[in-house]
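**Student:** Here's my sequence, what's the structure:
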Amino acid sequence: MPSAAPPFPAPLELRGEGLVLRDWTEDDLPAMPALFDHPDIAYWTPLASPFDEAAARARLERDRRLRAEGSVILLAITVDGRTPCGEVMLRRSDAGIELGYAVGPAHRGQGLAARAVRLMAAYAHQQLGADRVILELEPENAASVAVATRAGFRPLDVPLIEGEEKGRPYALQTWGRNLP
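**Tutor:** Next comes the predicted model:
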């Protein structure tokens, strides 16, 4: 992360694309396991698995700490401002602004992730001055590739990012979207 990054505003609420992206609250803790305790999310993301209420509480605490440090924002994806359907993440890094997302199984197929990514990318451009926003995803993750494409991202000609998470090797492809 770039040194001396200013903290992100709290609370934060973004509206657009038929969505309300808002801060997670303690009231959301019971809903989070239904969103994130799923084999797809366990496989493709670094989220804890199993994802129970203790994991939800730890995620909320981590979110608040990283936001105060100015490195990460985690927002609940909602259509009504209340019921969480998933999450969108914005992270400052030396490479720039990176976004990530996860949508609960019951809420898939509605375009929520692509809309949330576009809304968060607009925030990165308008409020943070980002010229480019990136996504890092595994090319084999067809659902994530579809989200990236629908959100206006394209693969960049950069080396794969290789590593291991949860005992599984991965190779992430970087996708980018230049903002107007």
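
**Student:** Wait, a helix at residue 119?
**Tutor:** Yes - per DSSP: H, G, I helix; E, B strand; the rest coil, residue 119 lies within a helix segment.

**Student:** was I right about it contacting residue 18?
**Tutor:** No - taking CB atoms under 8 Å as the definition, residue 119 is not a contact partner of residue 18, at 9.5 Å. (Each C-beta comes from the backbone N, C-alpha and C, glycine too.)

**Student:** between the two, who's got more neighbours?
**Tutor:** With neighbours defined as other CB atoms under 10 Å, residue 119 and residue 18 compare such that residue 119 has more, 22 against 11.

**Student:** Distance of the more buried one relative to residue 62?
**Tutor:** Applying CB to CB, to the nearest Å, the value for residue 119 to residue 62 is 22 Å.

**Student:** can you check residue 168 too?
**Tutor:** Distance, residue 168 to residue 62, by CB to CB: 21 Å.

**Student:** and if you look at residue 21?
**Tutor:** In this view, residue 21 and residue 62 are 18 Å apart by CB to CB.

**Student:** So which of these two has more stuff around it?
**Tutor:** Neighbour totals were compared for residue 21 and residue 62, and residue 21 leads with 25 against 12 (other CB under 10 Å).

**Student:** so who does that one touch?
**Tutor:** 12-15, 75-78, 88, 116, 119-120 (CB atoms under 8 Å, 6 or more residues apart in numbering).

**Student:** Secondary structure, distance to residue 53 and pLDDT added to these, as CSV?
**Tutor:** Formatted as CSV, the contacts of residue 21 follow (DSSP: H, G, I helix; E, B strand; the rest coil; distance: CB to CB, whole Å; pLDDT from 0 to 100):
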residue, secondary structure, distance to residue 53, pLDDT
12, coil, 24, 94
13, strand, 24, 97
14, strand, 26, 97
15, strand, 29, 98
75, strand, 20, 97
76, strand, 16, 98
77, strand, 20, 98
78, strand, 20, 98
88, strand, 22, 98
116, helix, 24, 98
119, helix, 28, 97
120, helix, 26, 97
